[in-house]
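> Quick one, structure for this:
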Amino acid sequence: MTRGKTIMSLVIPDEILQASNMSEAELLQEIVLMLFQQKKISIGKASRLLGMNLIQFQHLIASRDINIHYDVEDFRADVATLKKLGRL
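Numbers count the residues shown, from 1 in each chain. Have a look, this model is predicted:
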């Protein structure tokens, strides 16, 4: 069995873009923000999907009054990562 990433493309009809009065980039941003807000993706993943560094993404979510969700589980995962990298 081969492990790898599954790549899926989603086609958004032009009619949806026209109806939303958004560009493709704006629609992508809205989708990523929604996924982040619903805790479906992490802040790191969200910033990477939008091609932003973490600080830029934090500014974006702050401008939208979206809270950063960071709980004990996230903290423990960060500590484990830092230990793995030899930074703790």
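> dump the residue contacts of the spatially closest residue to Ser23 that is not a sequence neighbour.
In this structure, Ser23 finds its nearest non-sequential neighbour in Leu17, 7.4 Å apart by C-beta to C-beta, 6 or more residues apart in numbering. (Each C-beta comes from the backbone N, C-alpha and C, glycine too.) Residues in contact with Leu17 (C-beta atoms under 8 Å, 6 or more residues apart in numbering) are 23-24, 27.
> And the helices in this protein?
14-20, 24-37, 43-49, 54-63, 72-84 (DSSP state H).
> Just put those in CSV and tack on distance to Thr6 and mean pLDDT.
Shown next, in CSV, are the helices of the chain (distance: least, C-beta to C-beta, whole Å; pLDDT from 0 to 100):
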stretch, distance to Thr6, mean pLDDT
helix 14-20, 24, 91
helix 24-37, 17, 95
helix 43-49, 15, 92
helix 54-63, 24, 94
helix 72-84, 23, 85
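> And these: which comes nearest Ile7?
helix 43-49 (13.8 Å; C-beta to C-beta).
> What residues sit buried inside the closest one?
By 16 or more other C-beta atoms under 10 Å, the buried positions in helix 43-49 come out as 43, 46-47, 49.
> Kindly tell me how buried Arg32 is, as a neighbour count.
Wrong residue type there; residue 32 is Val, not Arg. Using other C-beta atoms under 10 Å, the number of residues around Val32 comes to 21.
> Noted, bye for now.
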